[in-house]
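Trainee: Sharing a sequence plus its predicted fold:
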Amino acid sequence: MDRLQIAAGWTPSRLDSLRAEMAKSGLDGFIIPRWDAHQSEYVVIADERLAWATGFSGTWGLAVVTRDRAAVFVDGRYTVQAQAEVSQTHFELQHLYDEPVERWLARTAAKGEVYGYDPLILNPAVHAQIEPAMIEQGASLRAVSPNPVDRAWVDRPDTPIKPAFAFPVSRSGETSLSKRQRLAERLRAARTDLLVETQTDNIAWLLNWRGDEVPDNPIVQAFMLVDATCGVDLFVDARKLGDDVAAFELEGVTLHEPSAFLERLSQRLRGGERVSMDPRFSPVGAATAAREAGATVLIEGNPLTALKAVKNPVELAGLRAASRRDSVAWVRFLAWLEAEVAVRPVSEIQTEEQILGYRSELEHFVSPSFRTIAGADANGAMCHYNAPAEGGAMIGRDSLFLIDSGGQYLDGTTDTTRTVCFGPPPAIWRKHFTLVLKGHIRLATLRFPNGTRGYQIDAFAREALWAHGLDYDHGTGHGVGHFLSVHEHPQRIGKDPVMAPITAGMTLTNEPGYYEAGRYGIRIENLCEVVEDGAGFIRLRDMTLVPLDRRLIDLDLLTAEERAWVDGYHARVRSELAELISDPFAADWLIANTAPL
């Protein structure tokens, strides 16, 4: 069973069961975030609570269920999808930012009512966001454990226990002890006594291990406390480490079972300590436990997240190599797709399976980095659409097809999107594609000061679209991990004011888009590294090397400089990939599709 099947099986009886469990706990409402106890968007099936309770299968969102009302909150990536998946007889659909949850609660909660939340899942940011609205209405929030959704979900699967494996220094580029020492230095500099860490990719990076518990994410589910003297309390099921613990870099690490996490946090505190935890990626239950023990809780950006974001030379070399190999799979896939569609329609699920097949032949391949988004025509307008197992829409010669796909390799993680057509495209497709391309080129050629925030450069990617009264409702770029999460924090390019500075050594995607609901979607995404470009300045350098669909480019909308960029990018793609492609058909396709404009 997967996320789509759980969501597709939704019936009103699930709401009835949840409300019955809420009543047993004396709750008038319950808050259901999409994420898990590690505040991750990528979760195991047992943590797909939002899909079970609402029928919404997206990877980000939140729901509130009361005794007689319910609402699902999603961002712009999922508005079309939520309308298709969620029963609007039983749920109100709200925009997570335009009509946020606290505004809905201010209209809905009544004096004396109690709304519950799971203290290991809700984060401090959302708690702080909604608590004032509740207080203003005379209502209150209560931490509830066990989770009422878990009690109502009678056939909820078990959480998997899979073995961790050591990630050698030859691949990580630095010992775990060295990383922990650098982290401890940052804690001491900030006068912080203890860091609460629940993000599994941070823990995997710090401890130089990887795992296979969450689909497409090579992480190990665990919790961690790190102090300013480099001491670590690690909360992990011992079965994941096996009998040979010496295989891991655990010097100075004390092991505990995960159930002891909050209790051990309280035991470590004597009063007066300064405890740091991330506003969006830590549990509010940890903040409560620390405050009750007399500590000062610092809700702030995570210093470990910032350390991990800047890649060392070994990590960067691995990411470049993985991207080149992955680009070969893309070229073979696009050549195959064009030939197939010329003869017969191809289903969305076939494309997902085909690109996975090409990746599987590559050195160091482990898994996809996320479920491939393969959307033909109207399905392409759903930014995070996934084709159903029975096949999905058919891609024909008159289709506009968007595919967003990536791979996990032992030396890196990849993420690429291309939008393609198979015959002479309508003028409106060419216009919209070229406006997106202009934004992509604008970011790709931008030189900006080291330390710039992503929101300060986001408008460059949107300028051409804005000039035509168009826009897109998602971020323009996100970080990508080194054989870790395909969505890595804290670096980001988007409208929202994320304050993390962009610096050399980081990775970022460049992915503007445009979407016509019910018709088609367009997105162009490359994975880039942030490189120095003169004293105090940086720029993005493409690691993705996949041709753009030249048929969709309206040359009249490009400047001479933009045409030169396309030709230069294609020349680099051809030069770096030609010797890696042994298939004559794919090699010929590469040459034809990287010819000068």
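Mentor: Right, received. Where do you want to start? Since the structure is predicted, the reported quantities are computational estimates derived from the model, not experimental observations. Residues are numbered from 1 along each chain as shown.

Trainee: Could you list which residues are in contact with Tyr78?
Mentor: By CB atoms under 8 Å, 6 or more residues apart in numbering, the contact set of Tyr78 is Phe56, Gly58, Trp60, Gly61, Met382, Cys383, His384. C-beta coordinates here come from the backbone N, C-alpha and C atoms, glycine included.

Trainee: how near is it to Trp60?
Mentor: 7 Å (CB to CB, to the nearest Å).

Trainee: With Leu590 instead?
Mentor: Taken as CB to CB, the span from Leu590 to Trp60 is 36 Å.

Trainee: In terms of neighbours, single out the busier of these two.
Mentor: Leu590 (25 against 18; other CB atoms under 10 Å).

Trainee: Touching, Arg268 and Asp233? I think so.
Mentor: Yes - taking CB atoms under 8 Å as the definition, Arg268 is a contact partner of Asp233 at 7.3 Å.

Trainee: Put the alpha carbons of stretch 281-301 into CSV.
Mentor: The C-alpha trace of stretch 281-301 is given here as CSV (Å, rounded to 0.1, in the frame of the first residue of the first chain):
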residue,chain,number,x,y,z
PHE,A,281,11.8,21.3,12.1
SER,A,282,11.5,20.3,15.8
PRO,A,283,8.6,19.1,18.0
VAL,A,284,6.8,21.6,20.2
GLY,A,285,6.8,18.8,22.8
ALA,A,286,10.6,19.2,23.2
ALA,A,287,10.2,22.9,23.7
THR,A,288,7.6,22.3,26.4
ALA,A,289,9.8,19.7,28.2
ALA,A,290,12.8,22.0,28.1
ARG,A,291,10.8,25.0,29.5
GLU,A,292,9.3,22.8,32.3
ALA,A,293,12.8,21.8,33.2
GLY,A,294,13.8,25.5,33.6
ALA,A,295,15.8,25.9,30.4
THR,A,296,15.7,28.9,28.1
VAL,A,297,14.4,27.7,24.7
LEU,A,298,15.9,29.4,21.7
ILE,A,299,13.6,28.9,18.7
GLU,A,300,16.0,29.7,15.9
GLY,A,301,17.6,28.5,12.7
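
Trainee: mind checking how far it is from the chain centre?
Mentor: Distance of stretch 281-301 from its chain centroid, counting by CA atoms, centre = their mean, to the nearest Å, is 25 Å.

Trainee: Next up, the contacts around the spatially most central residue of the chain.
Mentor: Central residue of the chain (CA atoms, centre = their mean): His487, 3.4 Å from the mean position. By CB under 8 Å, 6+ apart, His487 lies in contact with Glu41, His478, Gly479, Val480.

Trainee: buried subset of the residues you listed?
Mentor: Burial by neighbour count, 16 or more other CB atoms under 10 Å: within the contacts of His487 this picks out His478, Gly479, Val480.

Trainee: Kindly reformat the residues you listed as CSV containing secondary structure, pLDDT and distance to Val310.
Mentor: Converted to CSV, the buried ones among the contacts of His487 look like this (DSSP: H, G, I helix; E, B strand; the rest coil; pLDDT from 0 to 100; distance: CB to CB, whole Å):
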residue, secondary structure, pLDDT, distance to Val310
His478, strand, 98, 15
Gly479, strand, 98, 10
Val480, coil, 98, 13
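
Trainee: And the residues you listed, which is closest to Asn302?
Mentor: Nearest to Asn302 among the buried ones among the contacts of His487 is Gly479, at 13.1 Å by CB to CB.
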